[in-house]
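> Build the 3D model from these lines:
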Amino acid sequence: MKIIIIGGVAGGATAAARLRRLDEKAEIIIYERSGYISYANCGLPYYIGGVIEDREDLTLQTPEGFARRFRISAKVLHEVIDIHAEAKTVLVKNLKTGEVFEDTYDKLILSPGAKPSVPAYAPTNAENVFTLRTVEDTFRIHEYIERNKPKTVTVIGGGFIGLEMAENLRNLGMNVTILQRGDQLLSILDRDMASFIHAKFKASGVRLVFGAKITAIQSENGRVSVTAEHMPTLDSDMVILSIGVTPENTLAEKAGLTLGQKGAIVVNDKMETSKPDIYAVGDAVEISHVVTGKPAVISLAGPANKQGRIAADNICGLDSHYRGSQGSSVVKIFDMTVAMTGIGEKTAQKLGIDYEKIILSPASHAGYYPGASVMTMKVIYEKKTEKLLGAQIVGYDGVDKRIDVLATAIFAGLPASELKDLDLAYAPPYSSAKDPVNMAGFIIDNVENGIVKHFHYEDIDALRHDPNVILLDTRTVPEYMRGHAEGFIHIPLDNLRGRLHELDRTKKIYVMCQSGLRSYLATRILMQNGFDAYNFSGGFRFYQSVHMDIEAAKRALPCGAEC
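Coordinates of the predicted model:
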């Protein structure tokens, strides 16, 4: 059997290695148009920033290594320019010599990946305007920085790559501006959780400009000018374009394969395309979303690796099925960690799902052990079924651990309240006896059983104007004096039982504290003394982050830059 794989990196290289492990006699050929067959795509920004010092560390496998260990012919700088599905042939161009030749296959795997979106207004040949996809792109940016020592950079786009590049270039000492068309960074997050990211970038000296509708980019005399509607022209030494990616579907379209969302290649759960003996994997394919069951395009390395393995299994006669992706991801932003899995509140609203959400601010490990830090967790679930829909976490230590537990729970179909029952590892340096994931389960269980009723940030404006409501802050006097939400009266938790007579029993009482724990205790006291009480989800810490971010947006100039 002869198998041709178009494209290396995560999906293609994984498929090749798996094929060899399953079939020692198969002839396996990889055609890769770049100069690198398998590289650490996700590590590219960190080489530019100097965190990864040796460029050789970016290369996970070489053509020589593939040949030596796996007896696989990996041909770099070879671009497949056409597929003839009926004849089972491909047309290949040697990019070094210009030679064009035909090759045959029994099975074909497409792993072309995704390409950076480049808008019509961007100059494609300017030496100081860059996209980042390949190792060659990385070296080009790195060499430009080494040679020209730029002082200012504009990053267009606030997705994963844009934020990682902004961090790394800021760490090199550059003045960094991020231009974002929308009203938040990392749009897959909910806006309230993104407020923590905005604050981190601002505190780190990165300028954020939202609502930037760019109309032109011009490069002249070593400077780049960016023009957008209703804002002054922004000049910098270099520009990084990071406005998203689109599936690389040129070959698939020419071959007549069925395409779906964003032009991605439609595959079944065996990674088979609409043409016999042609498989597709990685960023170029449309898959099923684990939570929604709907078609999705998710460009992440983990799914690509799994898909490569599954395609190889089925080619070799096994019965392997891809069960979908839920977009589990994590990103480092300076010393902060941001992670997510499943769908967010915005998506749930768009799909018309009747959902509930909880927000909590637990410590990363036992508070009495030195070095504990606070994280903010948001978990959403379907009301009637308790089906876990998604989770988002922003914090420092232990964020990745918790998102992985929640991702596993979602994939396994665990009801939301049963998070409380998970038997998770505990020692003071790593966790608390009540792990943050367990705490999320306790809160959900309390909400579903009516032990506590809660309210959210978006409810507060209306509550302030309701004469039948009392807003109550139960923190200590120093905490309240340092800052509190408008309209909240103050009774410290430890004084509450002795001051119940000060509260009107005919009114609903909405309670806030720093993290949500003391206000929960207060609501239990109030409810058992005949009051109708509600706990604020997330605490003042969460309220303050969201409120400051929204107020900053209100003070913004028409272009979105802060005054």
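
> pLDDT score assigned to residue 150?
We have a pLDDT of 96 for residue 150.

> ranges for the helices of the stretch 1-150 of the chain?
With helices called from DSSP state H, counting those that start in this stretch, the stretch 1-150 of the chain shows them at 9-22, 44-48, 63-70, 135-148.

> Tell me which residue is most central in this structure.
Geometric centre of the chain, nearest residue: residue 329, 4.9 Å, by CA atoms, centre = their mean.

> ok, it touching residue 301?
No. Using CB atoms under 8 Å, residue 329 makes no contact with residue 301, being 9.8 Å away. Bear in mind the C-beta positions are built from the backbone N, C-alpha and C, glycine included.

> Which residues does the residue nearest to the centre of the chain form beta bridges with?
Beta bridges link residue 329 to residue 340 when assigned by DSSP bridges.

> Quickly note the distance from it to residue 260.
With distances taken as CB to CB, to the nearest Å, residue 329 is found 22 Å from residue 260.

> ok, back up a step: between the helices of the stretch 1-150 of the chain, which one is nearest to residue 372?
Closest to residue 372 of the helices of the stretch 1-150 of the chain, according to CB to CB: helix 44-48, at 27.2 Å.

> Convert the C-alpha atoms of that closest one to CSV, please.
The C-alpha trace of helix 44-48 is given here as CSV (Å, rounded to 0.1, in the frame of the first residue of the first chain):
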residue,chain,number,x,y,z
LEU,A,44,7.1,30.1,17.5
PRO,A,45,6.2,33.3,19.4
TYR,A,46,8.5,32.2,22.3
TYR,A,47,11.5,31.9,20.0
ILE,A,48,10.9,35.5,18.8
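
> Which strands and helices lie in contact with that helix?
helix 135-148, helix 160-171 (3 or more CB pairs under 8 Å, 6 or more residues apart in numbering; DSSP states H and E).

> looking at those, which is closest to residue 266?
Distance to residue 266, taken as CB to CB, is lowest for helix 160-171 among those, at 24.9 Å.

> Downstream of the closest one, the next helix or strand is which one?
Next along the chain after helix 160-171, taking DSSP states H and E as the criterion, comes strand 175-180.

> That next one: how far from the chain's middle?
19 Å (CA atoms, centre = their mean, to the nearest Å).

> mean confidence score for the helix or strand harbouring residue 338?
Using DSSP H and E, residue 338 falls within strand 336-342. Averaging pLDDT along strand 336-342 yields 97.

> same check, this time on stretch 494-508
97.

> For it, output the C-alpha coordinates as PDB.
Output of stretch 494-508 as PDB, limited to C-alpha atoms (Å, rounded to 0.1, in the frame of the first residue of the first chain):
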ATOM      1  CA  ASP A 494     -19.700  39.000  61.900                       C
ATOM      2  CA  ASN A 495     -22.100  41.800  63.000                       C
ATOM      3  CA  LEU A 496     -25.000  40.700  60.800                       C
ATOM      4  CA  ARG A 497     -27.000  38.600  63.400                       C
ATOM      5  CA  GLY A 498     -27.000  41.500  65.800                       C
ATOM      6  CA  ARG A 499     -28.100  44.000  63.300                       C
ATOM      7  CA  LEU A 500     -30.900  42.100  61.500                       C
ATOM      8  CA  HIS A 501     -33.400  44.600  63.000                       C
ATOM      9  CA  GLU A 502     -31.900  47.300  60.700                       C
ATOM     10  CA  LEU A 503     -33.100  45.500  57.600                       C
ATOM     11  CA  ASP A 504     -36.600  45.700  56.100                       C
ATOM     12  CA  ARG A 505     -38.000  42.200  55.900                       C
ATOM     13  CA  THR A 506     -40.400  43.200  53.200                       C
ATOM     14  CA  LYS A 507     -37.500  43.900  50.800                       C
ATOM     15  CA  LYS A 508     -35.300  41.500  48.900                       C
END
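
> List of residues touching that stretch?
The contact list for stretch 494-508, computed with CB atoms under 8 Å, 6 or more residues apart in numbering, reads 468-470, 472, 474, 491, 509, 522, 525-526, 529-534.

> try 6 Å
Residues outside stretch 494-508 that contact it (CB atoms under 6 Å, 6 or more residues apart in numbering): 468-470, 491, 522, 525, 529-530, 532.

> Next: stretch 483-490.
Residues outside stretch 483-490 that contact it (CB under 6 Å, 6+ apart): 464, 471-473, 480, 543.

> Just the ones of those residues in strands?
Using DSSP state E, 471-473 are the members of the contacts of stretch 483-490 that sit in strands.

> number of nearby residues for residue 243?
The number of residues packed near residue 243 is 20, by other CB atoms under 10 Å.

> separation between it and residue 119?
Residue 243 is 7 Å from residue 119, where distance means CB to CB.

> Just say which of the helices and strands packed on helix 44-48 is most tucked in.
Highest mean neighbour count of the helices and strands packed on helix 44-48: helix 160-171, a mean of 23 (counted as mean count of other CB atoms under 10 Å).

> From the contact counts, what lies against it?
Using 3 or more CB pairs under 6 Å, 6 or more residues apart in numbering; DSSP states H and E, the elements in contact with helix 160-171 are helix 44-48, strand 152-156, strand 175-180.

> switch to 7 Å and redo it
In terms of contacts (3 or more CB pairs under 7 Å, 6 or more residues apart in numbering; DSSP states H and E), helix 160-171 is packed against helix 44-48, strand 152-156, strand 175-180, strand 329-333.

> Output these as JSON lines; include the columns distance to residue 133.
Shown next, in JSON lines, are the helices and strands packed on helix 160-171 (distance: least, CB to CB, whole Å):
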{"stretch": "helix 44-48", "distance to residue 133": "8"}
{"stretch": "strand 152-156", "distance to residue 133": "15"}
{"stretch": "strand 175-180", "distance to residue 133": "19"}
{"stretch": "strand 329-333", "distance to residue 133": "17"}
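
> ranking those by mean pLDDT, which is last?
Mean pLDDT is lowest for helix 44-48 among these, at a mean of 88.

> Need the pLDDT of residue 552.
88.

> Over to residue 123?
Predicted confidence (pLDDT) for residue 123: 88.

> before we move on, the earlier item: want to throw the helices and strands packed on helix 44-48 into JSON lines with distance to residue 11?
Shown next, in JSON lines, are those (distance: least, CB to CB, whole Å):
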{"stretch": "helix 135-148", "distance to residue 11": "17"}
{"stretch": "helix 160-171", "distance to residue 11": "18"}
